[in-house]
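Participant: pasting the sequence and the predicted coordinates here, then a few questions.
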Amino acid sequence: MKKMTWLSLLATLLAVSPLAFGAALVTKGANELGLEGDLDFATAVGTRLEASAKYAYFFWDRISLGVQGVVFNNDAMHQFGLGVNAEYNFTLSSNYKPLFGTDLVPFLGAAISYRHAKLFDEKESAVVFGGEGGVKFFLTDTTAITLSLVGELATEDIYDDDLEATNKDLSLRLGMRFYY
């Protein structure tokens, strides 16, 4: 039920945001460094904290390709992963002006990664396919706060959800992106 509430909140934010904010064009040749965190409240041992880092290069205007690393730990689960990702950044009409900062950029992303996990004293390795949709709030031309909904599907049961091992995960992520 909590996941549906978060999903509804994000869908509302994504639907209403273009009415209030502007957009930016992330151009060819730019570099992106991203740091993200994830809090998942529906695990068998309480709250899970996840950290991820990503580097991406914009080979075309608004389209980036990059690499990412993920690591997290709690009492029942340890996980490490490396992968590749792609992201498309949308352009909003130039008529929209941001309420704060410099720009707002909705984006969609896809990723594939290798994960090694220890879940309930069992070790598993899996390929993970991920999809992401969110918004970048640019505070300056080179710094953005990101809010995104991420869904992942693994080839093995490497996630935990209410004392059950599962191969699916859905989370709301908050992060920072830096451009140079």
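Facilitator: Great, that's in hand. Everything numeric here is computed off the predicted structure, so don't read it as measured data.
Participant: only C-alpha atoms from now on, for both contacts and neighbour counts.
Facilitator: Will do.
Participant: stretch 115-125: how far from the chain's middle?
Facilitator: Centroid displacement of stretch 115-125 relative to its chain, using C-alpha atoms, centre = their mean, to the nearest Å, is 22 Å.
Participant: which strand runs longest in the protein?
Facilitator: In the chain, with assignment by DSSP state E, the single longest strand is strand 122-140.
Participant: how far out from the middle of the chain is that one?
Facilitator: The chain centre lies 4 Å from the centre of strand 122-140; the measure is C-alpha atoms, centre = their mean.
Participant: tell me what that strand is packed against?
Facilitator: When contacts are defined as 3 or more C-alpha pairs under 8 Å, 6 or more residues apart in numbering; DSSP states H and E, strand 122-140 sits against strand 103-119, strand 143-154.
Participant: which of the residues in the longest one are buried?
Facilitator: What it means is strand 103-119. Buried residues in strand 103-119, defined by neighbour count with 16 or more other C-alpha atoms under 10 Å: 103-119.
Participant: that one pairs with which strands, and in what direction?
Facilitator: Pairing partners of strand 103-119, with direction, according to DSSP bridges: strand 77-89 (antiparallel), strand 122-140 (antiparallel).
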